[in-house]
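[1] This is a predicted model, with the sequence first.
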Amino acid sequence: MHIDTLKNLAVDALEELKARDITQLDVAKLTEVTDLMLIASGTSTRHVAALAQNVVEKAKAAGLGPLGVEGGDNADWVLVDLGDVVVHVMMPEARTLYDLERLWADLPSDSGAIGDSLERFQERAGMS
C-alpha cells in the first residue's frame, strides 16, 4: 500500500473517533524502521484504546494487518505499527512527558551529521 494511502487511512480512522492534535513526523531520513509517524491524543485511556483499535480495524479492512500493537486497554500510550507508518495514540500527559515531536526533531537528519555531532562531543569532552 502506498505510504500516502496508508497515512490517509490512519488519519481518517483517528479523526473518525475525534482524536486530538494529530501530528505527522517524516522520519524517513532519521531511521530505517519507518518512514512516517503519526501522533495523536485521546481524552481517556478508553478513548486511546478505541482510537488505536479503529486504526487496526480500518487497516485490516483495507487488507493490511498491523505488524504489531503495543499497549492496550487502560494504557496511556498505544502504538500501532503499520510498517511504513507507525501510529502513536497517547494521553496528553504521556505525550507531554515523552515529547516525541521534539525528540525526533532534535535528531540529526543524516549519518554525516551524526558523525559531525560525535566529533563535536568528543572535542568538548577532550576525547579527541
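    Thanks, I have the structure now. Numbers count the residues shown, from 1 in each chain.
[2] Bridging across strands, which residues link to Val85?
    Applying DSSP bridges to Val85 gives these bridge partners: Leu36.
[3] Any idea which residue is closest to the centre of the chain?
    The residue lying closest to the centre of the chain (C-alpha atoms, centre = their mean) is Met37, at 3.5 Å.
[4] Spell out, range by range, the helices that occur in the chain.
    For the chain, helices defined by DSSP state H occupy the ranges 3-16, 45-61, 92-98, 100-105, 111-124.
[5] how about the ones you listed in a markdown table, adding mean neighbour count?
    (Each C-beta comes from the backbone N, C-alpha and C, glycine too.) Below are those laid out as a markdown table (neighbours: other C-beta atoms under 10 Å):
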| stretch | mean neighbour count |
| --- | --- |
| helix 3-16 | 17 |
| helix 45-61 | 19 |
| helix 92-98 | 15 |
| helix 100-105 | 13 |
| helix 111-124 | 11 |
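[6] and these as JSON lines, adding distance to Gly72 and mean pLDDT?
    Below are these laid out as JSON lines (distance: least, C-beta to C-beta, whole Å; pLDDT from 0 to 100):
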{"stretch": "helix 3-16", "distance to Gly72": "17", "mean pLDDT": "95"}
{"stretch": "helix 45-61", "distance to Gly72": "6", "mean pLDDT": "96"}
{"stretch": "helix 92-98", "distance to Gly72": "14", "mean pLDDT": "94"}
{"stretch": "helix 100-105", "distance to Gly72": "19", "mean pLDDT": "85"}
{"stretch": "helix 111-124", "distance to Gly72": "34", "mean pLDDT": "54"}
